[in-house]
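Have a look at this fold, sequence not included:
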């Protein structure tokens with residue numbers, strides 16, 4: 001390979017490059033000597049004497065990709081609606097890999113001609129425009145742009161309709177008419193086709209697929225909630241909703257881009273939890289008073305993601321601990337009342353601290369409620385002119401100090 005600029009017959013050289021591109025983009029076998037020759041031809045055109053032909057090479061390559069994708073579009077459509085997703089995915093799998101090889105073949109054009117003219121990353125990220133203006137794109141990026149405009153633009157709505165139907169079949173636990181890898185691969189192609197962008201990489205995916213998917217999922221969650229509410233069983237409803245959220249997240253991991261997972265769970269929580277808080281609250285007091293740990297744990301898991309939804313549960317737990325504390329220390333009639341008072345109060349604190357750790361994952365809202373409830377009990381006057389707690393605590397501490405001379409146990 002001579003690095004010296006020389007005169008080049010563009011038509012002859014482009015004809016050889018075009019024949020090789022055909023094999024590269026369709027993943028046919030391209031012998032190493034042929035690859036090396038075409039690599040040299042790209043270089044020769046870029047540094048041709050007396051006038052470089054890089055712009056002409058770029059224009060011809062772009063037109064070739066446009067024509068190639070147009071032919072693929074016809075082939076995809078000829079497969080019929082039932083095979084549209086499968087056919088699209090097969091050609092995308094081939095084209096996306098082939099475009100990466102093509103990008104490597106045009107390495108010199110990309111690095112020495114196109115990149116020198118491109119906007120900097122800072123201009124793209126912080127400026128008002130993206131790299132999709134009038135400037136030239138690197139060949140791998142160009143190939144993706146051509147696929148988006150030549151394949152996704154005309155087929156997008158039809159593809160999304162079929163994809164949503166396939167996911168609906170999966171929800172209904174019916175056998176999917178489209179292979180899972182084709183469904184997932186097609187959905188992710190909406191992300192991958194814009195993967196070269198410095199900003200807005202998910203815009204096409206979000207607008208074309210994610211938004212209609214979330215809207216359709218929202219209607220499904222509303223119907224599911226209405227069906228479950230007919231059973232009028234809060235415990236069962238919470239179990240079913242938790243299972244539904246896990247099921248939907250599993251489905252999202254199987255089909256969608258990772259950025260959609262939180263949106264799926266949020267949409268499910270909105271329609272199955274936030275919109276039915278009064279139903280969930282209807283047994284809140286009964287569950288807390290009965291200290292039904294499984295039910296309380298389920299309620300906590302569902303309410304914690306909904307803004308301000310836990311206030312009712314926290315307040316109910318606080319009132320319950322306060323009631324139990326007052327019962328434990330309110331009617332003590334023994335000789336060593338100070339000892340019984342403190343030990344009963346400590347027993348209440350330890351019991352509900354363990355419950356909060358186990359059921360509410362040591363959530364600080366509930367730990368704060370425990371402290372407030374115990375403080376309220378300790379400061380309660382129990383019908384007396386003054387609160388007796390300071391006196392009981394002083395006597396209890398005095399008793400401990402007296403024991404210290406004899407030795408006290410670690411628990412004491």
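Thanks, I have the structure now. What you see is a predicted model; the values in this text were computed from it and never measured.

quick one: contacts for residue 152?
159, 189, 190, 193, 204, 208 (Cβ atoms under 8 Å, 6 or more residues apart in numbering). For the C-beta atoms, the positions are set from N, CA and C on the backbone; glycine is no exception.

what does the helix or strand residue 339 falls within contact?
Here residue 339, judged by DSSP states H and E, is contained in helix 337-359. Contact with helix 337-359 is made by 291, 293, 296-297, 300, 317, 321, 324-325, 328-329, 332, 334, 362-363, 366-367, 370, 373-374, 377-378, 389, 391-393, 395-396, 399, as judged by Cβ under 8 Å, 6+ apart.

Any buried residues in that helix, and which?
Neighbour-count burial for helix 337-359, counted by 16 or more other Cβ atoms under 10 Å, picks out 338-342, 344-345, 348-349, 352-353, 355-356, 359.

Closest one of those to residue 137?
Residue 137 has its nearest neighbour among the buried residues of helix 337-359 in residue 359, at 56.2 Å by Cβ to Cβ.

State the distance from that closest one to residue 366.
8 Å (Cβ to Cβ, to the nearest Å).

again, but for residue 251
Remark: distance between residue 251 and residue 366 (Cβ to Cβ) = 32 Å.

who's more crowded, the two?
residue 366 (24 against 15; other Cβ atoms under 10 Å).

give me the element the more buried one is part of.
helix 364-378.

Following element in sequence after that helix, please.
helix 389-404.

I'd like to check what contacts that next one. Which residues are they?
The contact list for helix 389-404 (Cβ under 8 Å, 6+ apart) reads 337, 338, 339, 341, 342, 378, 379, 380, 408, 412.

at 6 Å what do you get?
Helix 389-404 has contacts (Cβ atoms under 6 Å, 6 or more residues apart in numbering) with 338, 341, 342, 378.

List just the nearest of the residues you listed to residue 151.
Using Cβ to Cβ, the contacts of helix 389-404 come closest to residue 151 at residue 378, 72.0 Å.

how near is the closest one to residue 136?
From residue 378 to residue 136 the distance is 76 Å (Cβ to Cβ).

still on that earlier bit, can you tell me what sits against the helix holding residue 366?
So helix 364-378 is in contact with 314, 317, 318, 321, 322, 325, 326, 349, 352, 356, 360, 389, going by Cβ under 6 Å, 6+ apart.

Would you mind giving those as TSV with pLDDT and distance to residue 20 added?
Formatted as TSV, the contacts of helix 364-378 follow (pLDDT from 0 to 100; distance: Cβ to Cβ, whole Å):
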residue	pLDDT	distance to residue 20
314	97	69
317	97	72
318	97	75
321	96	77
322	94	81
325	92	83
326	90	87
349	95	79
352	96	75
356	97	69
360	96	65
389	74	90
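
ok, back up a step: of all the contacts of residue 152, which comes closest to residue 37?
residue 193 (30.6 Å).

tell me the contacts of that closest one?
With contacts defined as Cβ under 6 Å, 6+ apart, residue 193 is in contact with 144, 147, 148.

swap the cut-off to 10 Å and go again
For residue 193, the contacting residues are 92, 95-96, 99, 143-149, 151-152, 201, 204-205, by Cβ atoms under 10 Å, 6 or more residues apart in numbering.

Show me which of these are buried.
92, 95-96, 99, 143-148, 151-152, 201, 204-205.

Of the residues you listed, which one scores lowest on pLDDT?
Across the set of the buried ones among the contacts of residue 193, residue 201 stands lowest in pLDDT, at 92.

Now do it against residue 195, distance only.
Using Cβ to Cβ, residue 201 is found at 6 Å from residue 195.

got it, and residue 112?
Counting by Cβ to Cβ - residue 112 and residue 195 are separated by 23 Å.

ditto for residue 279
44 Å.

can you give me the helices in the stretch 201-350 of the chain?
For the stretch 201-350 of the chain, the helices defined by DSSP state H, counting those that start in this stretch cover 203-204, 211-229, 234-255, 261-272, 277-281, 284-289, 293-303, 311-330, 337-359.

Please tabulate the ones you listed in a markdown table, including the columns distance to residue 170.
As requested, the helices of the stretch 201-350 of the chain are exported to a markdown table (distance: least, Cβ to Cβ, whole Å):
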| stretch | distance to residue 170 |
| --- | --- |
| helix 203-204 | 23 |
| helix 211-229 | 12 |
| helix 234-255 | 6 |
| helix 261-272 | 13 |
| helix 277-281 | 28 |
| helix 284-289 | 34 |
| helix 293-303 | 24 |
| helix 311-330 | 34 |
| helix 337-359 | 34 |
